[in-house]
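Engineer: Mind folding the following:
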Amino acid sequence: MHWLARVSGDVLSLSLAVVAGVLVTLAVVQTWASDAIFDADRFAGTAVRVLERDDVRGEVRRVIVDQAIAQQPDLVTARPLLETVVNTALTSKAVERSSCRVRGSCTTPFSKPTGAASSSTSPTS
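Structural biologist: Now for the predicted structure:
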């Protein structure tokens with residue numbers, strides 16, 4: 001009977017080690033997700049930085065247009081127009097404002113820098 005207690009103790013130890021490993025893995029994934037995905041400012045910053053790249057913006061535009069055409073095949077003749085509309089949306093003021101908020105400045109590849117030259121100064125009386 002002594003050997004049975006030893007075997008069940010070994011099984012219990014192994015089971016607890018596996019449970020601990022799974023819980024540690026879940027804690028690491030949850031910590032990463034809360035930092036990278038659920039933090040709205042960080043997520044927006046990552047999205048804005050990625051969309052600043054021409055190749056990424058082109059791929060996003062292509063995927064969106066392809067999905068629209070897959071939903072409505074008649075739109076294939078309007079593909080150039082759809083691409084222009086999507087590209088305009090991706091380079092819109094809303095994306096620019098997100099970039100300004102995330103970076104703390106309003107210099108983006110989509111617009112001219114803003115700063116002292118664009119700020120209005122009013123004379124004091």
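Engineer: Pull the number of nearby residues for V48.
Structural biologist: V48 has 19 neighbouring residues, counting by other C-beta atoms under 10 Å. C-beta coordinates here come from the backbone N, C-alpha and C atoms, glycine included.
Engineer: Could you check how far it is from L26?
Structural biologist: 30 Å (C-beta to C-beta, to the nearest Å).
Engineer: Also T77?
Structural biologist: 50 Å.
Engineer: what does Q67 give?
Structural biologist: Relative to L26, Q67 is positioned 33 Å away (C-beta to C-beta).
Engineer: Do a quick rundown of the helices in this protein.
Structural biologist: Listed in chain order, the helices of the chain (DSSP state H) span 2-36, 40-51, 54-71, 79-90, 93-103.
Engineer: highest average neighbour count across those?
Structural biologist: For the helices of the chain, the largest average neighbour count (mean count of other C-beta atoms under 10 Å) is found in helix 93-103, namely a mean of 16.
Engineer: Right, I'll call it a day here.
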